[in-house]
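Enquirer: A predicted structure for the sequence below; I have some questions about it.
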Amino acid sequence: MPLGVYQVANLFVKMRQHRAKAKSHHIESSSGDEPQTHPTLQGAVSIGRIPLEQHETFVCRDGVDATKLLRAVRGALLQKAETYGANVLVDEQWTCTICGPRHRSDGSFRVYVHYSASGARSDRRDPGRPISLENARGVPGLMTILNRLD
């Protein structure tokens, strides 16, 4: 039996509603729309900069402490910058997406962290913390990291 225009339109509406429900269990946070530099490093960095990016996926159980995960990814990015001769990170920007345990029987969370920054040289010390850390949203509970995927 062929579908009429009404049935096809109704099908598209249901698909859109289902997609919205599927994304409702995601928790997203970010540092903001524009890259930012720590105030302590303003005007104290070299002109030459090396653009860097880090994408990491974590599998966590019992909760998600997004601040700890962001610090870990930033630390890895700083280590990468040091291999190029940089000692600070500037123009930082991050996003963190937590996908809840809705479709996982073990109750684990998948956390996707994308961190971008530029490596530079400075006579000042790197602050050692992600920019706009107060924007990080997590899931309450004692986090256990089951896996870290690069």
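Expert: Here it is on my side, so go on. Not measured: the values here are computed from a predicted model. Numbering: from 1, shown residues only.
Enquirer: hey, where'd the helices end up in the protein?
Expert: All helices of the chain, identified by DSSP state H, fall at 5-23, 66-83.
Enquirer: per-stretch mean pLDDT over those, give me the minimum one.
Expert: Among the helices of the chain, helix 5-23 has the lowest mean pLDDT, at a mean of 60.
Enquirer: show me where pLDDT drops low in this protein?
Expert: 1-3, 8-9, 11-24, 102-104 (pLDDT under 70).
Enquirer: and P127, what is it in contact with?
Expert: Residues counted as contacts of P127 (C-beta atoms under 8 Å, 6 or more residues apart in numbering) are 38, 40-41. From N, CA and C alone the C-beta is placed, and that goes for glycine too.
Enquirer: Pull out the buried residues from the residues you listed.
Expert: If you count burial by 16 or more other C-beta atoms under 10 Å, the buried members of the contacts of P127 come out as 38, 41.
Enquirer: ok, the contacts of P127 vs D106, which is closest?
Expert: Here the nearest of those to D106, counting by C-beta to C-beta, is H38; it sits at 38.1 Å.
Enquirer: Got the phi and psi for that closest one?
Expert: Backbone geometry at H38, expressed as degrees, to the nearest 10, gives phi -60, psi 140.
Enquirer: Check whether it really touches I131, as I assumed.
Expert: Yes: here H38 reaches I131: they are 6.3 Å apart, a contact under C-beta atoms under 8 Å.
Enquirer: Tell me who's in contact with L70.
Expert: So L70 contacts 94, 96, 113, 115, 130, 133, 136 (C-beta under 8 Å, 6+ apart).
Enquirer: Sorry, slip of the keys, the one I care about is Y84.
Expert: Taking C-beta under 8 Å, 6+ apart, one finds 50, 119 in contact with Y84.
Enquirer: Dump the contacts of P127 to CSV, plus distance to S30.
Expert: Below are those laid out as CSV (distance: C-beta to C-beta, whole Å):
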residue, distance to S30
H38, 17
T40, 22
L41, 21
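Enquirer: Tell me the one of the contacts of P127 nearest T144?
Expert: Of all the contacts of P127, H38 has the smallest distance to T144: 30.5 Å, by C-beta to C-beta.
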